[in-house]
Structures are given as structure tokens and as C-alpha cells.
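Colleague: Just a sequence and a predicted model for now, questions to come.
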There are 2 protein chains.
Amino acid sequence: MRRDEALTRLETLGFGGRDAAALVDHFADAEARGKQGHGFSRVAWLETLPDLDAAARPELVVDEPGYQLWDGHGALGYLVLRAVVDEQLETAPRARLVVARRCFPTGVLGYWVRRLAEEGLVSALTATSPPRLAHPDGGEPLAGTNPLAIGIPSSDGRPLVSDVSMGKVTYGDVLRGAATLDDLVPFGGEQAHKAFALALGLQLLVDALAGDGYGAVLVVASPEADPVPELRARAAGVRLPGDG
Amino acid sequence: MRRDEALTRLETLGFGGRDAAALVDHFADAEARGKQGHGFSRVAWLETLPDLDAAARPELVVDEPGYQLWDGHGALGYLVLRAVVDEQLETAPRARLVVARRCFPTGVLGYWVRRLAEEGLVSALTATSPPRLAHPDGGEPLAGTNPLAIGIPSSDGRPLVSDVSMGKVTYGDVLRGAATLDDLVPFGGEQAHKAFALALGLQLLVDALAGDGYGAVLVVASPEADPVPELRARAAGVRLPGDG
């Protein structure tokens, strides 16, 4: 699928021009970074969602110093996070915990923290998704793949973006047929209990702060220091997380 | 080593009764949870530190709604985090980002988030330590084992505590001879690049917010929901992170 076709199909689903363009930007960025499971294949997936409400708008329901609570109100998580990120860029807080309830799906979390880092803000973001990871010892799936993404601005113009899903593969990989549901286990092999513990901890962090439904938690702050250039010098050519 | 001996040796190092007791509590809790690398063996290690300043006191240097910056001022990280946690318990913020600069060593991070969770606060905590993890493709060590600990209160009195180091083994395991430096690699086997990316992302998060030296970053908040009891019911006997 190309950009034009994606835009047309999203507009057919009822998305306005600005929203459709934001979705296409997200999918195109995912494709460019080799994350096809979060790319244009998601347009066909959106077409299958029974409750899609293209007119829904996220709302900032609590806004206190250092804390914001957003409600997705049925909007796609991508568009909730776009609104959240736009608000952080506009207000550039010294430090803020942002909770987004009813915020799904959220796509590539690295995309959002990169936007913040490119504008000079430090951030860490996690989000929940349907339970797909079971404890390595067995039992039913208890945790989503719940990624943790961290974005750090850099004075050299190349932010560091770490974005790690706790699954051995992503659900997007399963959707596009590149992996099977059997591969959807915590990463780590013999130490998969560690990735499981991370996935479960992040999930309960979101659940405790956002309540029922899938949600996201973002920590955003203005930096006190600029550690990335020195790290890149020490790394001496080793590929760092998020580098193209 | 027993509790009494540890207390005596810490007092010989110059720690006052309350500080020595706090350190012993931390080490004893680590031993009880099977984390011997963070247990009483640390007393002998403290005795080897050339710059130990038992009289140093952490200071809260910035205190704004939703944000606190602490400076360890040469105090042991354990005692810095004790002061930080005591302050959070006293003030029970709706949401706060707490940065502690010059805060090392910090011990078992799960210990601190458990204390917060037992008193009803949600938290996530990470801390930096000397670089010991290299990229799986090679090069010099770039990241500490930088754990991420998450604590979630529960109305059933059994908080969930997830505490994951990004190393295959801990440096404490090396200190006590249970592992070698060669084992000190990112966990995850074939997917060790994921644990490396987490370790590096967390490290730069702390570095960007705390500046030079080892530090810690804590997010603490009051919960909106109580997800742990339902999770325990679904888990149906599977051992969850942090359970004894």
C-alpha cells in the first residue's frame, strides 16, 4: 500500500484530512524504520474494527502542575497520543506525569518519544494492549507486550530513542503473518521471566493510574544535562537504539 | 554475617544508630528475598570504599508541584533513597517526578518501591551504576545494569513488586563470587539487544535529568484503581513478580 491509497481508505473510514494525515505519517514512519507490523498493514486492520469512531476526540480531563489525565473518549490511541504530545510540546513542562485512559492502539511508542526528543523534551512512555504474554512457567496470558520507549534529546540533533517491546515478536508481526501466536512469548529465552516481570509491572502501572481499559503513561521533563553526544563518542560506531 | 555484627561494623564506619539500622534493614531484606549480592556482603564492600562519608546528608534542593530534585551530597545512595521515600510517604503526592543526583549505591530497588506500595503509592524507580554492559555486538561497556522497579499497592495487602536488572547476572553476584565478569552481559540471549536498549535508555533518562554522577529517577503517584487483586485471581497460583 502506498501513502495515497492509505489516505483515501482512511478518509473513507470517516477520518478528517488532518487525522488521516497523522495516521499515515505514523504508519509511513513505522515502515521506514522496518516495523512493518505497525505500518500500512494497520489500515486494513482498522477497517475490520467494529466500533471505530472517526469523529471521537480525546479530552484533557485533569490538568494540574505536574499531572495530566486524558480520556480517549473512543478516539484511536494514535490520535490520543498525538494530542498528548502536541500539548507537551506547547507547554514544555519541567516535569509532568501524563496518564491517558481509554487510549488504544498506540502504535510505535518510539515515534511519540522521538517527537518529544526532537523538540528538546526527555520522556518515557508505556502503554497496555490485550494480554498475550503468559508466565514462562505457564498459565493464561496475563500481560500485553507493553513496550517501554525512552527518548533523550541531543545537542547534536540525533536523539537517542530506545523502544523495547516485552514480547519475543510483536502482535503486528503476527497480524502480517511474519510470526505465529506461539512466538508471542516474553523475550529472553532462559530469562524470559525478566521480560514477563517488566511487562506485568508496566501493565499494572498503567492499570493503577488509568483504570479500566487500555491506557498509556507518559513521563515528560525538561533535561538538566545533555548526555547523548558523549555516549555516542564512547560508543565509537556501535549502533545505538533507535538509530537508522 | 549476622544482623548484630553488621550493625557493629557499620557503626565502626561512623554511621549513627538510625542510619546503621536502615542499612541493616535493607541488607537483611535482600538476604531474605534471596538477593545475597545485595545483602550483608555489602558491609565488607562498604569497608573498602575510599571516600565513604558517614556524616553526609542528602538535601532536597528543588521542591515544586510535581517535581523534586535531591542531591546526595556524598551520602550513600541507600540513605538518599530512604530520605526520598520518607518524604513521599509524608506528602503522598497525586503525581511527582523525583530526581536524585549523586545517589549511589541504591541497593535493591524493589525494596524502595515496596515500601511506597505498602503505604498506598504507585511508583517506578530506576538508578544508574558503573558501565558494565556492552552492546551484544561488542565494544566497551556503555550501560550499567540499571534496574527498573515498579511497585503497585493492593487492597488485599499484597503489593505487586516487579524489579528487573538488565544484566544476565548482577554485579553483586560477581562481588560474592557467584558469577564472573564475563557473565555480566545484557540478559536475553539472542535478543540481548533488547535488554541493552532498556539499560541504555534508562541510563540516559537518569543522566539527562540528574546530570553528572550516578543518580536515580522515581515516579510516584496515588492510584486511581486497584488492579492487583483481579490480576492475582486471573493468575490462579502462578508466582507473580516480587512474591515471596
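Modeller: Perfect, thanks for sending it.
Colleague: for chain A, what helix or strand is lowest in average pLDDT?
Modeller: Least confident helix or strand of chain A, by mean pLDDT, DSSP states H and E, is helix A:171-175 with a mean of 84.
Colleague: what's the next secondary structure element after that one?
Modeller: helix A:192-210 (DSSP states H and E).
Colleague: Report the angle between that next one and helix B:192-210.
Modeller: Comparing the axes of helix A:192-210 and helix B:192-210 via axes from the mean of the first three to the mean of the last three CA atoms, to 10 degrees yields an angle of 40 degrees.
Colleague: Run through who's touching the helix or strand following helix A:192-210.
Modeller: Per DSSP H and E, the first helix or strand lying C-terminal to helix A:192-210 is strand A:216-221. Here strand A:216-221 makes contact (CB atoms under 8 Å, 6 or more residues apart in numbering or on different chains) with A:77, A:80-81, A:84, A:88, A:93-100, A:103, A:106, A:112, A:116, A:121-128, A:205-206, A:209-210, B:67, B:97, B:209, B:219. C-beta here means a position set from N, CA and C on the backbone, and glycine is covered the same way.
Colleague: now with 6 Å?
Modeller: A:88, A:95-100, A:103, A:106, A:121-127, A:206, A:209, B:97, B:219 (CB atoms under 6 Å, 6 or more residues apart in numbering or on different chains).
Colleague: follow-up on the earlier one: buried ones in the least confident helix or strand of chain A?
Modeller: For helix A:171-175, the neighbour count (16 or more other CB atoms under 10 Å in any protein chain shown) marks A:171, A:172, A:173, A:174, A:175 as buried.
Colleague: if I look at residue A:15, how far off is chain B?
Modeller: Distance of residue A:15 to chain B, computed by CB to the nearest CB, to the nearest Å: 30 Å.
Colleague: quick one: secondary structure of that residue?
Modeller: Counting by DSSP: H, G, I helix; E, B strand; the rest coil, the backbone at residue A:15 sits in coil.
Colleague: What distance do you get for the closest residue to chain B within chain A to residue B:98?
Modeller: Residue nearest to chain B within chain A (CB to the nearest CB): residue A:66, separated by 1.2 Å. Using CB to CB, to the nearest Å, one gets 11 Å for the distance from residue A:66 to residue B:98.
Colleague: still on that earlier bit, kindly reformat the buried residues of helix A:171-175 as CSV and extend each row with distance to chain B.
Modeller: Compiled in CSV, these are given as follows (distance: CB to the nearest CB, whole Å):
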residue, distance to chain B
A:171, 16
A:172, 16
A:173, 13
A:174, 17
A:175, 20
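Colleague: which one of the residues you listed is nearest residue A:244?
Modeller: residue A:172 (19.4 Å; CB to CB).
Colleague: What about the residue nearest to the closest one when sequence neighbours are not counted, how many residues nearby?
Modeller: Of all residues not flanking residue A:172 in the chain, residue A:37 sits nearest, at 2.1 Å (CB to CB, 6 or more residues apart in numbering or on different chains). Neighbourhood size, residue A:37 [other CB atoms under 10 Å in any protein chain shown]: 20.
Colleague: What residues does chain A have near chain B?
Modeller: A:65-67, A:94-95, A:97, A:122, A:124, A:135, A:139, A:142, A:150, A:152, A:160, A:162, A:164, A:187-189, A:191, A:194, A:197-198, A:200-201, A:204-205, A:207-209, A:211, A:219, A:221, A:223-225, A:227, A:235, A:238, A:241 (CB under 6 Å from any CB of the partner chain).
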